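Q: what shape does this take:
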Amino acid sequence: MRSRPQTVSAAAAVLLALFSVLNLLFPLFPIEGIPAVVVYLAVAVGVVGLLGAAGLWRLRKWASGSPLVFLFLTSCQQRRG
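A: The predicted structure is shown next:
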């Protein structure tokens, strides 16, 4: 079985970490009318994204699907709020 190229994994890890940090910073900019559930979900998605980015950076097998999970959770979050 072929492994992922290291540069692809590194680029995906950097992008995933960048978007995860943005999700973690979301509660610092309060906007009227956003339910608390959406804010909590943004923080949870940010933490999961950072864990996935760390796994991608270290080339762990369990982290290969983390960008897809992050994309799914982020799209669900954006549909709600």
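Q: following the chain onward from the strand or helix carrying A44, which element is next?
A: According to DSSP states H and E, A44 maps onto helix 36-57. For helix 36-57, the succeeding helix or strand toward the C-terminus, using DSSP H and E, is helix 66-80.
Q: secondary structure element for I34?
A: Using DSSP H and E, I34 falls within no helix or strand.
Q: counting neighbours, what do you get for it?
A: 14 (other Cβ atoms under 10 Å). Placement of C-beta: from N, CA and C, glycine included.
Q: point out where the protein drops to low pLDDT.
A: Where the chain drops to pLDDT under 70, the residues are 1-4, 77-81.
Q: and the residue nearest the centre of it, what is it in contact with?
A: Closest to where the C-alpha atoms of the chain average out (Cα atoms, centre = their mean) is G49, at 2.9 Å. Counting by Cβ atoms under 8 Å, 6 or more residues apart in numbering, G49 touches 16-17, 19-20, 23, 66, 70.
Q: which residue is the nearest non-sequential neighbour of it?
A: Leaving aside its chain neighbours, G49 sits nearest to S20 (3.0 Å; criterion: Cβ to Cβ, 6 or more residues apart in numbering).
Q: correct me, but the one you found touches G46?
A: Yes: using Cβ atoms under 8 Å, S20 is in contact with G46, at 4.7 Å.
Q: how near is the residue nearest to G49 to E32?
A: Distance, S20 to E32, by Cβ to Cβ, to the nearest Å: 25 Å.
Q: ok, the two, which is more surrounded?
A: Using other Cβ under 10 Å as the criterion, S20 and E32 rank with S20 on top: 22 against 4.
Q: quick one, what contacts the more buried one?
A: Contact analysis of S20 by Cβ under 8 Å, 6+ apart lists 45-50, 52-53, 70.
Q: recalculate using a threshold of 7 Å.
A: Residues near S20 by Cβ atoms under 7 Å, 6 or more residues apart in numbering: 46, 49-50, 53.
Q: can you tell me which of those residues lies nearest to S9?
A: A53 (10.2 Å; Cβ to Cβ).
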